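Peer 1: can you look at this prediction? I've put the sequence above it.
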Number of protein chains: 2
Amino acid sequence: MTTDIEIICIGNELLIGKIKDTNAHYLAKQATILGSNVKRVTVIQDSISEIAKTVCEAIGRTPQFIITTGGLGPTFDDKTFQGIAKALNLNLEVNPTALAMVKEKCIEYAKKRGLPTNIELTPPRVKMATLPQKTKPVKNPIGTAPGLQVDVEGTVLFALPGVPIEMEAIFNETITPLIKQAVGDEVFCERSIFADNIMESRLAPLIDKVMSDNKGVYVKSHPMRTESEPHIELHLTIIAKLEQDPNAKLLKAAKELTVLIEQNCGLVKADS
Amino acid sequence: MTTDIEIICIGNELLIGKIKDTNAHYLAKQATILGSNVKRVTVIQDSISEIAKTVCEAIGRTPQFIITTGGLGPTFDDKTFQGIAKALNLNLEVNPTALAMVKEKCIEYAKKRGLPTNIELTPPRVKMATLPQKTKPVKNPIGTAPGLQVDVEGTVLFALPGVPIEMEAIFNETITPLIKQAVGDEVFCERSIFADNIMESRLAPLIDKVMSDNKGVYVKSHPMRTESEPHIELHLTIIAKLEQDPNAKLLKAAKELTVLIEQNCGLVKADS
């Protein structure tokens, strides 16, 4: 059974093309390396109803993990906790642990900047500690805004900040061990071979044959240049238990594909 | 009324973190500049049922446009036309116009490479021209695989290739004029101001005030450095008819925000 993950990125700035999202790519890559199966990324606006709907839909697909990024800060447009509260039909309340986390960080930054440390817990600061009831704050080692963790019908939902270094720190510290535990002894392996001067349409039946001969191995072709000067990466991947020697399976499939390409398209000049 | 757009990016390579998606960012930026409202980006795997489900969900939200990218090529994992056929409950059939497009491109590439031009229309090539019934092929000026266009209950659905230069070419040639027409005389405007050494939580109530005083202007804060050394971009945006002078509205809001920040946080050293 695969460990399925969904990622939800929240922020108007992503949808107006102001910011190039890097969080989804980071999370997808790390989660894949850990052996899990990233099923979907959804990018939505700063809207409580959009967040609530998207979280509900994701929960309905029963992945083991949902990770949201963005919308945890002090400003009006940071609406992730409100959206999750609506999705789970929970009230919002100030979480004392989260409030202590916010205060501690404010004091830390004031000290660093040589400012007074008699921090006032203004409404925007209290907002960052106002979580849906029954959810758990997650320590943010880098920034002020705590994350959130909650179990919903077998799915673990995490809300992480959108600032990449904060998001990455919480992911590595808190979520990585949980994914590892869920994945168990399955690993993700990959291997690439490259074909020059052969059109993708000629490679298609060879890929079909290798996939059919090598169960569990997925082969995906990636055209890297223009079609009039084809250079194609054939990327072979597998998720399998280590005892099943996935690397050996990939090597066998890659060799078979190489031989097939040489046999069928060897006379590159004859290719069209 | 806003012109809503949804983007669906199809490809396992995006969800395993192998490829950093640039298509969604490009489309979101261009569509926003044209004055439309990008509501959602969804990234899904190469799976007919996933594509069908996601397309159905998007249609259900009744945007004016849905643009999919990826999954139009000759290999087994290119499943977008199959997914759209399933979503719309249409049969697949070889489209003669699309087949002529594929053949023409194959001949063009063979010529460029000095190869024979008696092109065989192999199954992988015919696959690229096998569209859901009642849909229209869209000319790909750069690559072999045609795109697709279909009207579904007031939503125009486009399927574009995943190769960025091909996707961009079709978007600019075919979709841009349609978005412009739908948007009419509304424009998107933006303006930024920057605040140094002020924590985001202190800016929050000032942003609230400016948004309340300047209807239609959206202000979003973007922390750019660490919180112990704050540098925050305040990004002001508006979508409005040109005759309503949206740039003047932005300028007024930006001035008000600047004054508020100077009045409330002017003594930067006193900030915490």
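Peer 2: Right, received. Where do you want to start? Numbering: from 1, shown residues only, chains lettered A, B, ... in the order given.

Peer 1: quick one: average pLDDT of the strand or helix carrying A:I51?
Peer 2: Taking DSSP states H and E as the definition, one finds A:I51 inside helix A:48-60. Average pLDDT, helix A:48-60: 98.

Peer 1: which parts of the stretch 51-200 of chain A are strands?
Peer 2: For the stretch 51-200 of chain A, strands defined by DSSP state E, counting those that start in this stretch occupy the ranges A:65-69, A:92-94, A:130-132, A:136-138, A:147-152, A:155-160, A:186-196.

Peer 1: contacting residues around the closest residue to A:K53 other than its chain neighbours?
Peer 2: Nearest residue to A:K53, sequence neighbours excluded (CB to CB, 6 or more residues apart in numbering or on different chains): A:A87, at 7.7 Å. Where you see a C-beta, it was placed from the backbone N, CA and C, and this is true even at glycine. Residues near A:A87 by CB atoms under 8 Å, 6 or more residues apart in numbering or on different chains: A:I51, A:A52, A:K53, A:V55, A:C56, A:I59.

Peer 1: let's see that with 6 Å instead.
Peer 2: Contacts of A:A87 were listed using CB atoms under 6 Å, 6 or more residues apart in numbering or on different chains, and they are A:A52, A:V55, A:C56.

Peer 1: looking at it now. What's its pLDDT?
Peer 2: As predicted, A:A87 sits at a pLDDT of 98.

Peer 1: near chain B, which residues of the stretch 151-272 of chain A?
Peer 2: Selection of the stretch 151-272 of chain A residues close to chain B by CB under 6 Å from any CB of the partner chain yields A:E200, A:S201, A:A204, A:I207, A:D208, A:K220, A:S221, A:E227, A:S228, A:S272.

Peer 1: surely the third one and B:P74 touch.
Peer 2: Yes - if you go by CB atoms under 6 Å, A:A204 and B:P74 touch, sitting 4.7 Å apart.

Peer 1: tell me the pLDDT of A:D271.
Peer 2: Predicted confidence (pLDDT) for A:D271: 36.

Peer 1: go through chain A and flag its longest helix.
Peer 2: helix A:246-265 (DSSP state H).

Peer 1: buried ones in it?
Peer 2: A:P246, A:K249, A:L250, A:A253, A:A254, A:E256, A:L257, A:L260, A:I261, A:C265 (16 or more other CB atoms under 10 Å in any protein chain shown).

Peer 1: closest one to B:L121 out of these, please.
Peer 2: Distance to B:L121, by CB to CB, is smallest for A:C265 among the buried residues of helix A:246-265, at 17.6 Å.

Peer 1: tell me the domain ranges of chain A?
Peer 2: Following automatic domain parsing, one gets these domains for chain A: A:4-183, A:186-270.

Peer 1: out of the strands of the stretch 51-200 of chain A, which is closest to B:L27?
Peer 2: With respect to B:L27, and counting by CB to CB, the nearest of the strands of the stretch 51-200 of chain A is strand A:65-69 at 20.2 Å.

Peer 1: what is the closest one packed up against?
Peer 2: Contact here means 3 or more CB pairs under 6 Å, 6 or more residues apart in numbering or on different chains; DSSP states H and E; on that basis strand A:65-69 packs against strand A:4-10, strand A:155-160.

Peer 1: burial-wise, tell me which of those comes out on top.
Peer 2: Of those, the one with the most neighbours on average (mean count of other CB atoms under 10 Å in any protein chain shown) is strand A:4-10, at a mean of 25.

Peer 1: now check the helix or strand that that one is followed by, is it near chain B?
Peer 2: Counting by DSSP H and E, the next helix or strand C-terminal to strand A:4-10 is helix A:12-15. Yes - using CB under 6 Å from any CB, helix A:12-15 reaches chain B at A:L15.

Peer 1: got a list of contacts for helix A:12-15?
Peer 2: Contacts to helix A:12-15, defined as CB under 6 Å, 6+ apart, come from residues A:I19, A:D21, A:V43, A:Q45, A:D46, B:A28, B:V38.

Peer 1: okay, buried residues for the helix holding A:I51 please.
Peer 2: Buried residues in helix A:48-60, defined by neighbour count with 16+ other CB under 10 Å: A:I48, A:E50, A:I51, A:A52, A:K53, A:T54, A:V55, A:A58, A:I59.

Peer 1: measure the fourth one to A:A159 for me?
Peer 2: Yep, that's A:A52 we're talking about. 13 Å (CB to CB, to the nearest Å).

Peer 1: name the nearest residue to A:A204, sequence neighbours excluded.
Peer 2: B:P124 (3.7 Å).

Peer 1: contacting residues for the one you found?
Peer 2: A:S201, A:A204, B:P74.

Peer 1: in helices only, show me the residues you listed.
Peer 2: Using DSSP H, the members of these that fall in helices are A:S201, A:A204.

Peer 1: which of the contacts of B:P124 sits closest to A:F188?
Peer 2: A:A204 (24.7 Å).

Peer 1: before we move on, back to that, now the helices and strands packed on strand A:65-69 as JSON lines including mean pLDDT?
Peer 2: As requested, the helices and strands packed on strand A:65-69 are exported to JSON lines (pLDDT from 0 to 100):
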{"stretch": "strand A:4-10", "mean pLDDT": "98"}
{"stretch": "strand A:155-160", "mean pLDDT": "98"}
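
Peer 1: out of those strands, nearest to A:T32?
Peer 2: So among these, strand A:4-10 is nearest, using CB to CB, at 9.0 Å.

Peer 1: tilt between that closest one and strand A:155-160?
Peer 2: With axes from the mean of the first three to the mean of the last three CA atoms, to 10 degrees defining the directions, strand A:4-10 sits at 30 degrees from strand A:155-160.

Peer 1: tell me the strands beside strand A:4-10, with direction?
Peer 2: According to DSSP bridges, strand A:4-10 forms sheet pairs with strand A:37-44 (parallel), strand A:65-69 (parallel).

Peer 1: that older thread, what's the most buried one of the strands of the stretch 51-200 of chain A?
Peer 2: Ranked by mean neighbour count under mean count of other CB under 10 Å, the strands of the stretch 51-200 of chain A are led by strand A:65-69, which reaches a mean of 27.

Peer 1: restrict that strand to CA atoms and write it as PDB.
Peer 2: Written as PDB, here are the backbone C-alpha positions of strand A:65-69 (Å, rounded to 0.1, in the frame of the first residue of the first chain):
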ATOM      1  CA  PHE A  65      -1.100  13.100   4.900                       C
ATOM      2  CA  ILE A  66      -2.300  16.500   3.800                       C
ATOM      3  CA  ILE A  67       0.200  19.400   4.100                       C
ATOM      4  CA  THR A  68      -0.900  23.000   3.600                       C
ATOM      5  CA  THR A  69       1.500  25.800   3.100                       C
END
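
Peer 1: got a list of contacts for it?
Peer 2: Residues outside strand A:65-69 that contact it (CB under 6 Å, 6+ apart): A:5-9, A:23, A:27, A:58, A:80, A:155-160, A:162, A:167.

Peer 1: one more time with 8 Å, if that's ok
Peer 2: Applying CB under 8 Å, 6+ apart, the contact partners of strand A:65-69 are A:3-10, A:23-24, A:27, A:31, A:36, A:51, A:55, A:58-59, A:80, A:84, A:155-162, A:167, A:171, A:175, A:178-179, A:182.

Peer 1: just how off-centre is it within its chain?
Peer 2: Distance of strand A:65-69 from the chain centroid (CA atoms, centre = their mean, to the nearest Å) equals 8 Å.

Peer 1: in stretch A:99-106, what counts as buried?
Peer 2: By neighbour count with 16+ other CB under 10 Å, stretch A:99-106 contains the buried residues A:L99, A:M101, A:V102, A:K103, A:K105, A:C106.

Peer 1: just the residues you listed: which are in helices?
Peer 2: Using DSSP H, the buried residues of stretch A:99-106 in helices are A:L99, A:M101, A:V102, A:K103, A:K105, A:C106.

Peer 1: perfect, I'm done here.
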